[in-house]
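>>> Build me a structure from this.
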Amino acid sequence: MGKRMEEAIQKYLDIQEKNKLGGGQKHIDRQHDRGKLLARERIDVLIDPGTFNELGSCVNTTGIRIDGRFTDAPCDALVMGTAEVHGRLVFVAASDFTVLGGSSGIQTLMKTALATELAAKWGIPVVHLLDSSGGRLGYREVPMAGIDWQFRIQSRYSGVVPQITVLMGPCIAGGAYLPTLCDFLFISRVSGNLWLGGPRQTQAATSEVFDREVGGADYHMRYSGTCDLVGDDDKESILKCREMLRYLPSNYREKPPRWKRTDSADREVESLERIVPDDPNQTYDMHDVIKELVDDGEYFEIKDEYAKNLICCFARFDGRVVGIVANNPKYPGSTLEVNTCDKYYRFLQVLDAYNIPLVNLTDTPPVVPGESEEARGLIRHIGKVLDVYATATVPKIGVVLRQAYADAGSLIMSGLKGMGADLTFAWPIAEFAVEASGLDYREVLGESIEEDAYEKYWKFSREKKDAFDAAHSWTAQIVDEIILPRDTRKKIIQALRLLENKHEDLPPRKKMHGSAPT
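Here you go, the predicted structure:
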């Protein structure tokens, strides 16, 4: 080996060794003291052992401060590369908070954008392990340079490959858009915070003082709906992300991975007849139904603490991955409201993007109007669910357990075939109607309606049709078949087999999207 080669190899080895220390031992200890993992430790939790292949390891923007001091920045505070998760390739980009607080300089942002772009070109998911103090202010860089490219790249490749963020540190101002542009956002309870303006920034600008928990994992799960899953710490958050990847295809051209069959496709579920009460006024927890139906009782729920009257989760039937959207009568009436619509809309967008069949478990009275929900735009929120349901081309299977009333149960929960449901089943106790109210309009409206209005037309709006009435006329296009509760699992599996090669194209257009309500 020549001297030049020997020196070059040693220089490379020195850089790699230096990268392992990031910003130095003092900052490593501080990160651990806060209950946080290091960037490379986080990568190790996510991936299959020994599969990480780093890219951009020699990037190092020497931070030139405005005051003239120089600061070293190994990897420019971002460790990225390819790896395998459950034997499948992914692209990983992990912030290094020990290097200048994980702040974003020009090279950082370019590496982040490149991670998404390369992942999309190669057809593999991209996972951002985010822990950054934001733009690198106080340095002779343009702190916004590259963030515009990153947002554009994320948006253009949305729905091409899965984009996931695991947030394990602060995320403020412009940087807060990165995780919200992804398909899924996981937040660590111990370390993650997401703000457009953090506590100090907000106080300086408006004098408003608010607690740091505003912007934390639980806040964005329960109130804003921005967060999809919460982990108690970094490790649990990353492991949940690793688990989710088992349900997703690598890109939009593929179908979800088929799991090994571990549960009989012919299994009857007699327990459903005990779990679900005959009386529609009695409540029950739909989680119990889902657990009995799916393979091995395992499902992966999204936004479990947000809009709890609707359940959105991934599960398997005979090894096939599906997305389940189900009403939950345990919570107020299982009706649809603004937050519920947002939750449904976003989940169905993802299902349709990545070829994941939709299974609706329906048991809901109609939408209950009221001033607060009307003011929040309930009509347009239901409108956008109507839009995404009608334009989704994945298999759509519905099972009506007890009630499918009006727009809540029929239109967007696979209760009306004209909306595009492929197969709709109903239990023998199922009821269909326009509305559920028992209110006598004559008492409310008094003399403002005709004397014979009730008998002529008002009463028909709450006239309930049972499953046999609905199935009596095929032209009604409501129910394809009445099924026994115990056969529900078998019927869903049979439907998935029938629809495995479903192909449906939307009307041709030059643009890739319509103009849905917002």
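
>>> how close does residue 288 sit to residue 275?
The gap separating residue 288 from residue 275 is 5 Å, by Cβ to Cβ, to the nearest Å. Every residue, glycine included, has its C-beta placed from N, CA and C.

>>> residues contacting residue 374?
By Cβ atoms under 8 Å, 6 or more residues apart in numbering, residue 374 lies in contact with nothing.

>>> What of residue 75?
Per Cβ under 8 Å, 6+ apart, neighbours of residue 75: 19, 22, 56-57, 59-60, 96, 99.

>>> Try it again at 6 Å.
19, 59 (Cβ atoms under 6 Å, 6 or more residues apart in numbering).

>>> Kindly report the same for the one 10 residues further on.
Residues counted as contacts of residue 85 (Cβ under 6 Å, 6+ apart) are 47, 242, 245.

>>> Need the per-residue pLDDT for the spatially most central residue of the chain.
With distances taken as Cα atoms, centre = their mean, the residue of the chain nearest its centroid is residue 184 (4.5 Å). What the model reports as pLDDT for residue 184 is 96.

>>> swap in the one 5 residues further on?
Residue 189 is assigned 94 on the pLDDT scale.

>>> just checking, it touches residue 232?
Yes - using Cβ atoms under 6 Å, residue 189 makes contact with residue 232 at a distance of 5.3 Å.

>>> The two: which is more packed in?
For the pair residue 189 and residue 232, the greater number of neighbours falls to residue 189 (16 against 12), based on other Cβ atoms under 10 Å.

>>> just to revisit the earlier point, now the residue nearest to the centre of the chain: how far from residue 166?
9 Å.

>>> Repeat that for residue 430.
Distance from residue 430 to residue 166, by Cβ to Cβ: 41 Å.

>>> ok, back up a step: any chance of a ChimeraX selection covering the buried ones in the contacts of residue 85?
Selection of buried members from those for ChimeraX, criterion 16 or more other Cβ atoms under 10 Å:
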select :47,242,245
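
>>> Mind putting the contacts of residue 85 into JSON lines with secondary structure and distance to residue 385?
Listed next are those as JSON lines, based on DSSP: H, G, I helix; E, B strand; the rest coil; distance: Cβ to Cβ, whole Å:
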{"residue": "47", "secondary structure": "coil", "distance to residue 385": "36"}
{"residue": "242", "secondary structure": "helix", "distance to residue 385": "30"}
{"residue": "245", "secondary structure": "helix", "distance to residue 385": "27"}
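
>>> Over to the nearest residue to residue 236 once chain neighbours are set aside: give its phi and psi.
Nearest-residue entry for residue 236: residue 188, 7.7 Å, with adjacent residues in sequence omitted and distances by Cβ to Cβ, 6 or more residues apart in numbering. Here is the backbone geometry of residue 188 (degrees, to the nearest 10): phi -80, psi 130.

>>> cool, and residue 318?
phi 60, psi 40.

>>> I'd guessed it sits against residue 493; true?
Yes - with contact defined as Cβ under 6 Å, residue 318 reaches residue 493; the gap is 4.7 Å.

>>> Need the residues touching each of these two.
residue 265.

>>> Can you tell me what sits against the helix or strand hosting residue 347?
Assigned by DSSP states H and E, residue 347 belongs to helix 338-353. Residues outside helix 338-353 that contact it (Cβ under 6 Å, 6+ apart) are 159, 183, 225, 252, 303, 307, 309-310, 312, 323, 325, 358, 376, 378, 381-382, 384-385, 388, 392, 394.

>>> Which among those residues count as buried?
Buried, going by 16+ other Cβ under 10 Å: 159, 183, 225, 252, 303, 307, 309-310, 312, 323, 325, 358, 378, 381-382, 384-385, 388, 392, 394, out of the contacts of helix 338-353.

>>> can you list the contacts of residue 85 in JSON lines and add pLDDT?
Below are the contacts of residue 85 laid out as JSON lines (pLDDT from 0 to 100):
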{"residue": "47", "pLDDT": "97"}
{"residue": "242", "pLDDT": "97"}
{"residue": "245", "pLDDT": "97"}
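
>>> Just give me the closest of the contacts of residue 85 to residue 170.
residue 242 (23.4 Å; Cβ to Cβ).

>>> need the contact list for the closest one.
Contacts of residue 242 (Cβ under 6 Å, 6+ apart): 46, 85.

>>> Check residue 232 too.
residue 189.
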